[in-house]
Structure formats: structure tokens, C-alpha cells
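Engineer: Requesting a structural model of the entry that follows:
(chains A and B)
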Amino acid sequence: MKRTILVFIVAALVLIASAIWFFLGYQEPSHMENLHLLIIIVLVAFALFFGYKRLTSERRGEPAEDEMSKKVMQKAAALSYFISLYLWVFMIYIKDRVAMDVEILIGTGILGMGVIFALSWLYFNFRGIRNE
Amino acid sequence: MNNRIREFRARFNLTQDDLAKRVNVRRETIVFLEKGKYNPSLKLAYDIAKVFGKAIEEVFIFNE
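Structural biologist: Numbering: from 1, shown residues only, chains lettered A, B, ... in the order given. Got it, this is the predicted structure:
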């Protein structure tokens, strides 16, 4: 139960921090920053979905996580780490070719990693895990 | 690897929820097992076979 609550707390903190960054900034947010906020909202929605799944399992009297959900998490983490390496290589490649602030570039990379993890998790969660 | 979980579950009149609670996993895991989308650990396979009072090889059929 503690970890489930932690998921909701972290999601809320991310949302609050993003709102402060976005709405209390000195300048008008750029298109890229608007896109970043959208991605953050999608990632928070993913975290809430994940937390909701854990909560419903607990309410049904089942464990919040079992061997399959742990394996899905491990596989998703491994795959997203692997893909993220290529993402950062790509970010380094475009760094010298596109005029972009370093903060925006790093922010895009970090959010990209989040999106890759969410997609990897969805992939394994719906495809299942067989012994390949 | 194929399995006869659905068949035994029907025979023992157990829902996916009942079986999940008995072997301490989430219902989703039972759904994936029945669809053949997940191969269980030895412990889970043993626990499921124990619920049905069968040997593991009667419930889980390994295709070479």
C-alpha cells in the first residue's frame, strides 16, 4: 500500500513542480516548452494508470505486484535503457545541427526516456512475456 | 508451453479471481497464463498444480 501511495505522491509532486515551472516563469512558454508540458501530463497520466492498477489489485485482495508484473517492469526497464542510449546518441547528433538551448535539449532527452519507458511497459504488459 | 489451467478451473468451478487469490498473484497473471502469454516460475506452476491436486506436468505441457 505504501508504494502505491508513493506513486500518487510522486505524480502529484511532478504535476505541481511542472505547473510552477510553466505558469510562474518569467517568459512566455515556447512551443517546445508547451510540448514538454504535454509530455509531462501524458507521463503523469501513465503513472496514475499504473497506480490505479495497483490500487484495484489491492482492493480485490490480490497483491499489488506479483512475479509477472515484476518481470514486465524489469523487461521494460531493460528495453527502455537500451533504446535510451540511442536517443542520447541522436540528441548529441542534433545538438550541433539545431539551434536549441541546452536545458531544452536535456529536458527533451529526459522526457524522451520517460516516454520510452512508458511505451516499453505498455508493450510488455499487453504482449506478455514468454520464454524466448 | 501449453497449459490446461482453463480446463481444470472449469472442472473445479473456480473463477480466475479465485485461482489468483489462492496462488497469491493478480487476476491479470492468470489471464495471461491461460492465453499462453506468460510462462510461470516453477513456484507458481507448483502452486497452481497444487490447487488442482495435480502434478505440474499434468497442468503444464512443455512442447519440445
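
Engineer: what helix or strand does A:Gly112 sit in?
Structural biologist: helix A:102-127 (DSSP states H and E).

Engineer: do the same with A:Val10
Structural biologist: Take DSSP H and E as the rule and A:Val10 turns out to sit in helix A:2-23.

Engineer: tilt between that helix and helix A:102-127?
Structural biologist: Angle of helix A:2-23 versus helix A:102-127, following axes from the mean of the first three to the mean of the last three Cα atoms, to 10 degrees, is 140 degrees.

Engineer: Let me see the residues that make contact with helix A:2-23.
Structural biologist: A:29, A:33, A:37, A:40-41, A:43-44, A:47-48, A:50-51, A:54-55, A:58, A:64 (Cβ atoms under 8 Å, 6 or more residues apart in numbering or on different chains). All C-beta spots, glycine's among them, are computed from the backbone N, C-alpha and C.

Engineer: rerun at 6 Å
Structural biologist: With Cβ atoms under 6 Å, 6 or more residues apart in numbering or on different chains as the test, helix A:2-23 has contacts from A:37, A:40, A:44, A:47-48, A:51, A:54-55, A:64.

Engineer: and if you look at stretch A:66-74?
Structural biologist: With contact meaning Cβ under 6 Å, 6+ apart, stretch A:66-74 is reached by A:124-125, A:129, B:25-26, B:29, B:38, B:41.

Engineer: Check the residues you listed and tell me the two furthest apart.
Structural biologist: A:Asn125 and B:Ser41 (18.0 Å; Cβ to Cβ).

Engineer: the more surrounded of these two?
Structural biologist: A:Asn125 (19 against 11; other Cβ atoms under 10 Å in any protein chain shown).

Engineer: What separation do you get for B:Phe52 and chain A?
Structural biologist: Here B:Phe52 is placed at a distance of 19 Å from chain A (Cβ to the nearest Cβ, to the nearest Å).

Engineer: about what we covered before: give the buried residues for the helix holding A:Val10.
Structural biologist: When burial is assessed from 16 or more other Cβ atoms under 10 Å in any protein chain shown, helix A:2-23 yields the following buried residues: A:4, A:7-8, A:11, A:14-15, A:18.

Engineer: Thanks a lot, catch you later.
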